[in-house]
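[1] from the sequence below, what's the structure:
(2 chains)
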Protein chains: 2
Amino acid sequence: MEDKILLSHGSGGKQTNNLISDLFIKYFDNETIRQMNDSAQLNLEHNRIAFTTDSFVVTPSFFKGGDIGKLAVCGTVNDLAVSGAKPRYLTSAFIIEEGYPIESLETIVKSMAETAKEAGVQIVAGDTKVVEKGGVDGLFINTTGIGTIYEGVNIKANNAEVGDVVIVNGMLGDHGMTIMCERSGIDIYGELKSDCAPLNTLVDSILNICKDIHVLRDATRGGVAAVLNEIAETSRVSIELEEDAIPVSEEVKGACELLGLDPLYIANEGKLCCFVPEKYADKVLEQMRNHQLGFNAKIIGKVVEQVSQNVYLKTIIGGRRIVDMPSGQQLPRIC
Amino acid sequence: MEDKILLSHGSGGKQTNNLISDLFIKYFDNETIRQMNDSAQLNLEHNRIAFTTDSFVVTPSFFKGGDIGKLAVCGTVNDLAVSGAKPRYLTSAFIIEEGYPIESLETIVKSMAETAKEAGVQIVAGDTKVVEKGGVDGLFINTTGIGTIYEGVNIKANNAEVGDVVIVNGMLGDHGMTIMCERSGIDIYGELKSDCAPLNTLVDSILNICKDIHVLRDATRGGVAAVLNEIAETSRVSIELEEDAIPVSEEVKGACELLGLDPLYIANEGKLCCFVPEKYADKVLEQMRNHQLGFNAKIIGKVVEQVSQNVYLKTIIGGRRIVDMPSGQQLPRIC
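    Predicted coordinates:
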């Protein structure tokens, strides 16, 4: 094989087919993708499904705790998981700059295959486009996923109810702050890495003990602030957060103070917000804490009657601060 | 609304939400997309499905006969249709360059919505990423689709059998040659335009009269030559084409002679190759010719016992020429 991506790798001819067999089929290996039909032909276990898409343009492509490939699988798996679905099948579509090192592409594809295996999903179809040098910055990946929705589960953004408790499964802001540090060359935060992880087994574990989860959302772009504002708006409620309950690592706290940022607005790639009736809150919290992706889980607030502001924070010194929907651009290409 | 795309349109905050409501939901309007959940929740009519993805990076974004939006819907609809599936649901994911005119984006989204309507599919989920100026050349679109596979249909690339007849539904090379002319500024081919079209109603019409279609493939990148070579290889047969039967318009023929190209290698976006047992060939051909996307349909060749070459052409003067798998890059960013 060549050591760099050529335009001919995207032409639909011999070189495209070689790339598909030597790289994609090699790592994603499963019966469906080996058939190389125009589409993957699948038999689902039932016909109520969740369907979601995400493109990934993160820069740099490799960062502490992950890479664009791992992120691309986690992002779509998590969107399915928080819909109350069992993630089943993914497609992956690459747009690659001419001259991109095949070695890096192979690392990314391997990382996607490993993450897919961890999440229990199959990558069953794909596409490769190559764009001339300068037409795209490195490599972008789209993943689109299908999951089968669990029986008896009804998780929706507009289901939050007064009295619900809001739980997050761990420290906030790790992914966004890692990317920020990588990009600015800051290296003082030795322990900091992206929290990028597939959350479906965590979701399974809490749905196993409580079907009555009202809302689940992974807190990616725009952070917890964006997610809670959206939920408050669509559910027509307000959300009251406790400042001293927000779990943030010392590293992220330090970096936020240095850069004048608020961890509630920073992107995560392995954190979700869970809305559950108060009577189940302790049980769900305990279950989360028993999972490796939830041992720092915390109750951060509760749903209250709608007041003038959607989301607000009771500060440590007893004040009230509005947590508004993020506006403008904190950091582009975070995912 | 602003008149250009800003980085904040991809940040997951207020501006992203405005773009989603004012543009995507406005045009793609359907019950599922209006819910704005992390994923589209769907009830399929049954659980045997086809699943396919494609990214579109065509340049220019607007060309005679279509634009990148129309192409993005047709491409995925056609991949589902040639799998013997009824195209049902699409996702659409945009990667947009900062500063991209919102007016152009709106034209593209409108064109997607119209094509989706024509094809009878719903666009139910989406994603928008904005990349800094120079990080992506204009606008790229990924579409991923789900179709429900028809009962009693078994269309696969490895199903071609000796004795099958190969039919195409019309003139070859129109899309690729249109892009080539647009890009090089050649304007002498007044009638020439992209053949970009959703082929699902054409496929439905032939499946209605003949369930025993062995192979269907749309002939996009690499043209008919690439598609036939792939089918011959996976089915372990050879394919013999008749040169004087290949339908090519005068415009494409002229341009090919001028540029030294072979229409068999040029991309189409509304043409398919259909393999059917000889006894059904006339019936299928007639049915195709009754459809507006098939009135120039022709039998171009037949499947024969495997010989040393996969695909060859019986020339008008009685010779035999190998039609090899395309190698290298004829024209990048054709789709």
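[2] pretty sure A:Ile95 is touching A:Asp137, no?
    No: checked against C-beta atoms under 8 Å, the pair A:Ile95 and A:Asp137 is beyond contact range at 10.2 Å. For glycine as for every other residue, the C-beta is placed from the backbone atoms N, C-alpha and C.
[3] out of those two, which sits in the busier spot?
    A:Ile95 (26 against 18; other C-beta atoms under 10 Å in any protein chain shown).
[4] shouldn't that one be within a strand?
    Yes: counting by DSSP: H, G, I helix; E, B strand; the rest coil, A:Ile95 is located in a strand.
[5] show me what contacts the residue nearest the centre of chain A?
    Residue closest to the mean C-alpha point of chain A, counted by C-alpha atoms, centre = their mean, is A:Gly75 at 3.4 Å. Residues in contact with A:Gly75 (C-beta atoms under 8 Å, 6 or more residues apart in numbering or on different chains) are A:54, A:56, A:143, A:220, A:269, A:335.
[6] repeat that with 7 Å
    With contact taken as C-beta atoms under 7 Å, 6 or more residues apart in numbering or on different chains, A:Gly75 is in contact with A:54, A:56, A:143, A:269, A:335.
[7] now, which of those residues lie within strands?
    A:54, A:56, A:143 (DSSP state E).
[8] nearest to A:Val227 among the residues you listed?
    A:Asp54 (15.2 Å; C-beta to C-beta).
[9] give me the beta-bridge partners of that closest one?
    Under DSSP bridges, the beta-bridge partners of A:Asp54 are A:Thr143.
[10] and the pLDDT for it?
    A:Asp54 is assigned 97 on the pLDDT scale.
[11] do the same with the one 10 residues further on
    The confidence metric pLDDT takes the value 94 at A:Lys64.
[12] contacting residues for it?
    A:178, A:182, A:192-194.
[13] burial measure for A:Val82, as a count.
    With other C-beta under 10 Å as criterion, A:Val82 counts 28.
[14] quick check: it vs chain B, distance?
    The gap separating A:Val82 from chain B is 5 Å, by C-beta to the nearest C-beta, to the nearest Å.
[15] which strands border the host helix or strand of A:Ala125, and is each parallel or antiparallel?
    If you go by DSSP states H and E, A:Ala125 is part of strand A:122-131. Using DSSP bridges, the strands paired with strand A:122-131 are strand A:85-97 (parallel).
[16] export the partner strand to CSV, keeping only CA atoms.
    Provided in CSV are the C-alpha atoms of strand A:85-97 (Å, rounded to 0.1, in the frame of the first residue of the first chain):
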residue,chain,number,x,y,z
ALA,A,85,-32.0,2.5,22.7
LYS,A,86,-29.5,-0.3,22.4
PRO,A,87,-26.9,0.9,19.9
ARG,A,88,-26.7,-1.8,17.1
TYR,A,89,-25.2,-0.7,13.8
LEU,A,90,-23.1,2.2,12.6
THR,A,91,-22.0,3.6,9.2
SER,A,92,-18.8,5.5,8.9
ALA,A,93,-18.0,8.0,6.2
PHE,A,94,-14.5,9.5,5.8
ILE,A,95,-13.6,12.8,4.0
ILE,A,96,-9.8,12.8,3.8
GLU,A,97,-7.3,15.3,2.5
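[17] list the helices and strands whatever helix or strand comes next after it packs on?
    Scanning forward in sequence from strand A:85-97 by DSSP H and E, the next helix or strand is helix A:102-119. The contact analysis (3 or more C-beta pairs under 7 Å, 6 or more residues apart in numbering or on different chains; DSSP states H and E) places helix A:102-119 against helix A:26-28, strand A:66-67, helix A:68-81, strand A:85-97, strand A:122-131.
[18] tell me which of these is the most buried.
    The highest mean neighbour count among the helices and strands packed on helix A:102-119, using mean count of other C-beta atoms under 10 Å in any protein chain shown, belongs to helix A:68-81: a mean of 29.
[19] skipping adjacent residues, who's closest to the residue in the stretch 1-150 of chain A that chain B sits nearest to in space?
    For the stretch 1-150 of chain A and chain B, the shortest gap (C-beta to the nearest C-beta) falls at A:Gly12, measuring 2.9 Å. Among residues not flanking A:Gly12 along the chain, B:Arg221 sits closest, at 2.9 Å (C-beta to C-beta, 6 or more residues apart in numbering or on different chains).
[20] poorly predicted segments of chain A, please.
    A:1, A:188-189 (pLDDT under 70).
[21] show me what A:Lys302 is bridged to.
    A:Val165, A:Glu240.
[22] number of nearby residues for it?
    19.
[23] what's the answer for A:Glu45, then?
    8.
[24] the residue lying closest to it once chain neighbours are set aside and A:Tyr100, how far apart?
    Nearest residue to A:Glu45, sequence neighbours excluded (C-beta to C-beta, 6+ apart): A:Thr148, at 5.7 Å. Distance of A:Thr148 to A:Tyr100, given as C-beta to C-beta, to the nearest Å: 35 Å.
[25] which one's more surrounded, those two?
    More crowded of A:Thr148 and A:Tyr100, by other C-beta under 10 Å: A:Tyr100, with 22 against 19.
[26] what residues does that one make contact with?
    Per C-beta under 7 Å, 6+ apart, neighbours of A:Tyr100: A:4-5, A:138-139.
[27] and which of the residues you listed is nearest to B:Glu257?
    A:Ile5 (32.7 Å).
[28] to what extent is the closest one buried, counted in neighbours?
    Quick note: A:Ile5 (other C-beta under 10 Å) scores 24 neighbours.
[29] what sits closest to it if chain neighbours are left out?
    A:Tyr100 (4.3 Å).
[30] again with A:Glu182
    Here the residue nearest A:Glu182, using C-beta to C-beta, 6+ apart, is A:Phe63, at 4.9 Å.
[31] A:Gly222 touches B:Ser11, doesn't it?
    Yes: using C-beta atoms under 7 Å, A:Gly222 makes contact with B:Ser11 at a distance of 6.4 Å.
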